[in-house]
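**Student:** structure of the sequence below:
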Amino acid sequence: MNIFEIIASILSFLCILFAVKEKIWTFPIGMVSTAMYFFVFFTQRVYSSMTLQIMFFAFNAYGLYKWTHPGEKDAAKADNTLAVTLLTVKGRLLTATIIAVLTLTLGYVMSNLHNWLPALFPEEAKYVYLDTAILSASLVAQYLMAIKKLESWAIWFAVDIVSAPFYFITVGWATGILYFVFIFTAVMGWIEWKKSASTN
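**Tutor:** Residues are numbered from 1 along each chain as shown. Below you'll find the model as predicted:
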């Protein structure tokens with residue numbers, strides 16, 4: 001399983017590098033890496049992170065479409081691809097509220113999976129509310145990335161700071177190192193997308 005985890009982490013790293021550079025390849029690579037990580041997290045009983053991979057897969061598919069098919073109300077670049085924009089103050093407050101509500105709601109659900117579905121989840125999940133906080137913030141960040149909002153990188157930065165030690169302890173060294181590297185790619189992403197937003 002360690003080799004499987006290493007391959008998944010390499011693909012995830014490539015996915016983020018392509019996202020930083022606004023390259024469409026981020027999404028198909030992301031779909032493969034999330035499918036692989038689904039099984040990695042399942043075997044380690046990190047069920048929130050496992051569930052997150054399903055949502056990541058869906059958002060990668062959505063992002064692939066959205067980046068190449070901006071709507072009439074979306075900001076578009078000269079090549080008719082989606083442009084980077086910023087959230088409004090109201091949008092930022094809504095984002096923070098959604099993350100908090102999702103963390104509390106999903107934390108309750110994940111903490112009871114072993115009671116409700118013992119055949120599928122025979123053991124209690126580890127570090128439930130920390131795991132669901134990572135899930136919730138990641139989910140929102142991935143959606144904001146799919147619609148090319150600059151703030152997605154700020155959320156990713158916070159997620160990566162927490163996730164690096166968490167995954168090192170719960171999953172394995174390859175995933176822990178990957179999220180440590182993601183801290184720096186989140187900074188790179190912010191810088192690159194901020195330039196892109198200013199140009200647009």
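**Student:** can you give me the strands in the chain?
**Tutor:** Applying DSSP state E to the chain gives no strands.
**Student:** per-residue pLDDT, residue 1?
**Tutor:** Per-residue pLDDT puts residue 1 at 53.
**Student:** what residue lies at the spatial centre of the chain?
**Tutor:** Taking CA atoms, centre = their mean, the centroid of the chain lies closest to residue 138, which sits 4.0 Å from it.
**Student:** thought it was touching residue 157?
**Tutor:** No - Residue 138 lies out of contact with residue 157 (CB atoms under 8 Å); the separation is 11.9 Å. All C-beta atoms are positioned from the backbone trio N, CA, C, and that covers glycine.
**Student:** would you mind listing the buried residues in the longest helix belonging to the chain?
**Tutor:** Counting residues, the longest helix found in the chain (DSSP state H) is helix 173-199. Buried residues in helix 173-199, defined by neighbour count with 16 or more other CB atoms under 10 Å: 174-183, 185-187, 189-190, 192-193, 196-197.
**Student:** burial count for the closest residue to residue 7 other than its chain neighbours?
**Tutor:** With CB to CB, 6 or more residues apart in numbering as the criterion, residue 7 has its nearest non-adjacent residue at 6.7 Å, and that residue is residue 36. Residues near residue 36, counting by other CB atoms under 10 Å, number 17.
**Student:** for residue 36, give its distance to residue 174.
**Tutor:** For residue 36, the distance to residue 174 equals 12 Å [CB to CB, to the nearest Å].
**Student:** and residue 67, by the same measure?
**Tutor:** 28 Å.
**Student:** and residue 91, by the same measure?
**Tutor:** Applying CB to CB to residue 91 and residue 174 gives a distance of 35 Å.
**Student:** the helices in this protein, which residues?
**Tutor:** Counting by DSSP H, the helices of the chain are 2-20, 26-43, 47-68, 89-111, 113-116, 128-146, 151-170, 173-199.
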